[in-house]
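*Asks:* my questions concern the predicted model and sequence given below.
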Amino acid sequence: MKVLCDREQLREGLAVVNNVIPPRSTKPVLENVCLVASDDALELLGTDLEVAVRYRVGEVKVSEPGLAVIPARVALDFIRDLSSETVALESADGRCTISGGSDSCELVTLDADEFPVVSRFDEEKTLTIQGGTFTRLVGQTAFAAAREAGRYAMHGVLMVMEEGHLKLVGTDGRRLALSSTPVDQPSEDIKPSILPTKGIQLFCRVIEDPLDMVQLQFGENQVGLKSKNAEIFTRLIDGEYPKYTQVVPSETAHIVEANADLMGRKLRLVANVTGDEARAVRFKVERDEIAMFGRSAGRGEAQAHMEVKYDGSGSSISFNPDYVLDGLKHCDQETLRLEFSDKSSPGKFCLGENYIYIVMPITIDT
Amino acid sequence: MSTREEASAQGGVIRRMDELVICQIAAGEVIERPASIVKELLENALDAGATQIQVDLQEGGARLVRVSDDGCGMTAADLELAFEPHATSKLRDASDLNHIASLGFRGEALASMGSVGRCSIFSRTKTAETGHRITNEGGQESPVEQAGGPRGSIVEVRDLFYNTPARRRFMKRPSTELSRCLEVLQRAALAQLGVGFVATHDGRRCYDIEVGMDLSDRIRRTFGAELAESLVPVEADNGRFRITGFVAPPRFSRRDSLRQMWFLNGRTVKDRVLIRCLREAYRGFLVEGRVPVAFLQLSMDPTLVDVNVHPAKAEVRFREDRHLFGFLLKALREGVQQTDMATPGSSLLSRALVRDGRSLREMRASHPGQTALEPTAPRTPWRVREMPAAPLEIPRPAQQGAPPSAAPNAATDDLRGPFLQVHKTYLVRALADGFEVIDQHALHERITFEGLLRDLRAGRVEVQRSLIPEVVEVSRSELELLIEHRDSLARIGIELDAFGETAVAVHGLPARLKNPKAQGVVRDVAEIIARTGKAPDAEDVIEEVLHRTACRSSVMAGDALGEDEIKSLLSQGQALGAADQTCPHARPTRVRFTLDDLEKAFHRK
């Protein structure tokens, strides 16, 4: 293998691939990147067996096609610190030489046959959306997915096509985030898929320009995404996702409209006092006002007030402030709407045109 | 001819026993071994108002027990009656039984001793010119005769059980009998402040308590400086009951109860209510089967307690035991929480050294460069003789090393890093005088548990309700139990409903749980209900229920923690005060290694 490439482009590719490559693995070959030079392209392959990425480096000159498997972290660090415009890669007899200007290093290569096979993107049955939209949908839902052990199906983000919308859902059983976007060429035969949270977050890493279009491909066991330079695939979670539509309250007794940014600031104010240990902040709504109350056995109490739009009969509901703040961070409009019925049924935060966030309240037994 | 026929030939089977046999039988209850004699005679001496008591023993007390006091003494007429059964100066009529303030009162002791040993009593009252002596050998009383001697009384019992060989055979080796006698004496010495005690064995002085010593000094003299310096005082008075004394840190606990002493109005008692109360006070700080060390004096109006329940007077009965229990528990719990609960690293080090099969001394000897550093201080036994199973229980030789440093003062400890997480399980951090190792799961479990308990007691259980209820499969019988106790479960923050015939849907769990695991919590609680047959919020199972709940939902061993998480964990632990030294299962949460320990480990000392 003999390739000449632009240093910056190669570095960018290695950085993307290194996101997937595990820092330590029981299978040492996985700590490597596989360089594949074909007639006119250089591809970088990396995988942790759950997520796999194939990155195509632009502006290369291949003088001799071939393969080399080299330590990914070392290669990235070395190329990042080189100062030349271009980098030459040359491999022969179990060695790979990386040189830039007058500097070079020689890395030991592994047998390319040991490297796992990385799929190719299949252009059939794909869905096209804008990269920035996809990133936003993931950001608005992945945080709500479960992290702790148990309830395996919730350890990922559900992707589903419904009514001409691509919907993403994340839940840990106590809160649920649902964000969707209309799709131009809806194909209704795409089956619902649960993507591991780590995998779907890595998807966003290969989207370099938010204005670029990306393609999604839904397979039997994996979902893939193709961006300008990269193809990335993740294994799916095999499980039954909760029936999320049932938990979205349709009719509620109280509807409050509030400035999202202000609510976030007021809530953080109160949460400073409730701290790590106490969880609940009580939202008391009365004519055109929300009052928030928090208390902690050890520290004391706090309250904050803000003007809102509300003309109901008054009520109150308590939430874990961390949960609410998580959602407010991703709110994409100035005014949010909070809808709830009573202190023990779910609170629904409408945080965007196609973005709702449902939080179960904390009930306090007194 | 059989006995029965012989008896009927004399005209009847049943005969009246003679006085000596009656006394010998009665003596079996009162006098079991030399230590019983020491106990009875000490009580007599103390009831006589002695301020200085000497006990002389030979051959563990089997050859001789002699108790000399400087008390009020007895007159010749008193001596005449001294060996009569049920003759006593301490009770006059039955009504006196209701307010017994003296130690002895049954009037059996001297009569019993007279029947099983060779006794003599010399006594001289404060005002008399001369004293008198009477002897009783196996029930044969001598007449009272004049004799010379100091004021007070000297009672001797020689050749115990010389006339009852069956009992003599039950006596143990002299060293064993001696230690039992000394135990009795030590208890008396700790109970009777203001009285001096001296004991000799075969002419050698083996125990010495001066009149002016207070309880702490007496404990130090009896059990060593390390224990004495680690004790935390307890003091409370509610008008009816008064308790004073000391409790020891949990690491001093033992398998036996020799160092748990209760003194009721100056009398040594071993009462179940009191023992249970102390165990309760140490709950969560001691592993099962360990007996805490404490020295406690309880005083109350004698009419509130019946001491005439047990021949050895060890058990008593309280008239207001519930009140008493609550009063004691509060006072004791406060004391226990102030004790230094850290497991001293030095005990682990010493164990490690012994485990290697070599003592430190041997190691030093094999290291020529270190020999010059051999301390000239008194030689203390380094090797721990018995190897206990649990890490908490290493008894450290009394004078060895400095006492473990007190728990870090919350005000001065700013929890500054760096922190090191080892094996995703232990947190290590430097202290001013060493370092400590913290078990992250044990500490978090304790924090969660205390929080749950506090919320429950304050009636403020915050429940995080579930958007998507978690379904937990259980057996049919468990389902019935869970549904039956649905309301009490809800009171502790576990909200569930039946879901089909073999599952429950969990709608809510305490908001305090960081990583709630409904399945583990529900199954554990079902198991506790099935085993105890009690509602999960019943007072005696609630702690177990909350332990399990906390355990299931805490940071686990194997969870990687960031610096902020570690800091938050440690500061929450610090907010708990002393309670953060053990997890609710009483495993230690932290082990502390002082510079002293390190110096020992590296043979710098």
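*Replies:* The structure has been received and is ready for your questions. This is a predicted model, so every value here is computed, not measured.
*Asks:* which residues are in contact with whichever strand or helix holds B:Glu40?
*Replies:* In the assignment (DSSP states H and E), B:Glu40 maps to helix B:34-47. Contacting residues not belonging to helix B:34-47 are listed as B:30-31, B:53, B:55, B:57, B:60-62, B:65, B:67, B:69, B:71, B:89-90, B:102-104, B:109-110, B:113, B:117, B:153, B:155, B:157, B:160, B:171, B:177, B:180-181, B:183-185, B:188, B:192, B:195, B:266, B:312 [CB atoms under 8 Å, 6 or more residues apart in numbering or on different chains]. All C-beta atoms are positioned from the backbone trio N, CA, C, and that covers glycine.
*Asks:* check contacts around the spatially most central residue of chain B.
*Replies:* Residue closest to the average C-alpha location in chain B (CA atoms, centre = their mean): B:Gln260, at 2.8 Å. Residues in contact with B:Gln260 (CB under 8 Å, 6+ apart) are B:Ile275, B:Leu278, B:Val291, B:Pro292, B:Val293, B:Ala294.
*Asks:* any weak-confidence spans in the chain?
*Replies:* Assuming you mean chain A. A:148-150, A:186, A:188, A:275-278, A:365-366 (pLDDT under 70).
*Asks:* should've been chain B
*Replies:* B:1-12, B:23, B:26-30, B:87-107, B:310-314, B:342-414, B:417, B:578-579.
*Asks:* any idea how far the closest residue to A:Ala153 other than its chain neighbours is from A:Ser193?
*Replies:* Closest residue in space to A:Ala153, ignoring its immediate chain neighbours: A:Gly239 at 3.2 Å, by CB to CB, 6 or more residues apart in numbering or on different chains. The gap separating A:Gly239 from A:Ser193 is 11 Å, by CB to CB, to the nearest Å.
*Asks:* ok, those two, which is more surrounded?
*Replies:* When A:Gly239 and A:Ser193 are compared for neighbours, A:Ser193 comes out ahead with 22 against 13, by other CB atoms under 10 Å in any protein chain shown.
*Asks:* in this structure the more buried one contacts A:Asp238, no?
*Replies:* No. Using CB atoms under 8 Å, A:Ser193 is not in contact with A:Asp238; the gap is 10.2 Å.
*Asks:* circling back: buried subset of the contacts of helix B:34-47?
*Replies:* Neighbour counting over the contacts of helix B:34-47 (16 or more other CB atoms under 10 Å in any protein chain shown) leaves B:30-31, B:53, B:55, B:57, B:60-62, B:65, B:67, B:69, B:71, B:89-90, B:102-104, B:109-110, B:113, B:117, B:153, B:155, B:157, B:160, B:171, B:177, B:180-181, B:184-185, B:188, B:192, B:195, B:266 as the buried ones.
*Asks:* can you tell me which of these are in helices?
*Replies:* Mapping these onto helices (DSSP state H) picks out B:Val30, B:Ala109, B:Leu110, B:Met113, B:Glu177, B:Arg180, B:Cys181, B:Val184, B:Leu185, B:Ala188.
*Asks:* going by distance to chain A, which of those wins?
*Replies:* If you rank these by distance to chain A using CB to the nearest CB, B:Ala188 comes first, at 46.5 Å.
*Asks:* quick one, what contacts the closest one?
*Replies:* B:Lys39, B:Leu42, B:Leu46, B:Phe197, B:Thr268.
*Asks:* so which of those residues is the closest to A:Thr363?
*Replies:* Closest approach between the contacts of B:Ala188 and A:Thr363, by CB to CB: B:Thr268, at 53.3 Å.
*Asks:* A helix includes that closest one, no?
*Replies:* No. Counting by DSSP: H, G, I helix; E, B strand; the rest coil, B:Thr268 is not part of a helix but strand.
*Asks:* what's the neighbour count on it?
*Replies:* 22.
*Asks:* list the beta-bridge partners for it.
*Replies:* B:Phe263 (DSSP bridges).
*Asks:* wouldn't it be in contact with B:Ser257 here?
*Replies:* No. B:Thr268 is not in contact with B:Ser257 according to CB under 8 Å; the separation is 12.0 Å.
*Asks:* phi and psi next, for B:Val144.
*Replies:* phi -70, psi 130 (degrees, to the nearest 10).
*Asks:* my guess is it contacts B:Ile134. True?
*Replies:* Yes. Shown here, B:Val144 and B:Ile134 form a contact pair, counting by CB under 8 Å, at 4.8 Å.
*Asks:* compare those two (neighbour count), which wins?
*Replies:* B:Ile134 (25 against 20).
*Asks:* my guess is that one is in a helix, correct?
*Replies:* No. Assigned with three-state DSSP, B:Ile134 falls outside any helix and is strand.
*Asks:* so who does it touch?
*Replies:* Residues in contact with B:Ile134 (CB under 8 Å, 6+ apart) are B:Leu79, B:Glu80, B:Ala82, B:Phe83, B:Ser120, B:Ile121, B:Glu141, B:Ser142, B:Pro143, B:Val144, B:Glu145.
*Asks:* need these in TSV with distance to chain A and secondary structure, can you?
*Replies:* Shown next, in TSV, are the contacts of B:Ile134 (distance: CB to the nearest CB, whole Å; DSSP: H, G, I helix; E, B strand; the rest coil):
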residue	distance to chain A	secondary structure
B:Leu79	69	helix
B:Glu80	71	helix
B:Ala82	65	helix
B:Phe83	67	coil
B:Ser120	69	strand
B:Ile121	66	strand
B:Glu141	72	strand
B:Ser142	75	coil
B:Pro143	78	coil
B:Val144	73	coil
B:Glu145	77	strand
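*Asks:* now those: which count as buried?
*Replies:* By neighbour count, with 16+ other CB under 10 Å, the contacts of B:Ile134 hold B:Leu79, B:Glu80, B:Ala82, B:Phe83, B:Ser120, B:Ile121, B:Glu141, B:Val144 as buried.
*Asks:* what's the spacing between the residue nearest to the centre of chain B and B:Val522?
*Replies:* 39 Å.
*Asks:* again with A:Cys350
*Replies:* Taking CB to CB, one finds A:Cys350 at 34 Å from B:Val522.
*Asks:* higher neighbour count, those two?
*Replies:* The neighbour count for A:Cys350 versus B:Val522, taken as other CB under 10 Å, is higher for B:Val522 (25 against 18).
*Asks:* phi, psi of the more buried one?
*Replies:* The phi/psi pair for B:Val522 (degrees, to the nearest 10) is phi -60, psi -40.
*Asks:* number of residues surrounding the closest residue to B:Val195 other than its chain neighbours?
*Replies:* Among residues not flanking B:Val195 along the chain, B:Thr51 sits closest, at 5.5 Å (CB to CB, 6+ apart). By the criterion of other CB under 10 Å, B:Thr51 has 15 neighbours.
*Asks:* okay, and the beta partners of A:Ala68?
*Replies:* Here A:Ala68, judged by DSSP bridges, has bridge partners A:Leu35.
*Asks:* thought A:Leu35 was touching it, still the case?
*Replies:* Yes. The pair A:Ala68 and A:Leu35 passes the contact test of CB under 8 Å, sitting 4.7 Å apart.
*Asks:* any residues in contact with both of these two?
*Replies:* Shared contacts of A:Ala68 and A:Leu35 (CB under 8 Å, 6+ apart): A:Met1, A:Leu89, A:Ser91, A:Cys96.
*Asks:* part of a helix, is the third one?
*Replies:* Translated: A:Ser91. No. With three-state DSSP as the criterion, A:Ser91 is strand rather than part of a helix.
*Asks:* how many residues are close by it?
*Replies:* 24.
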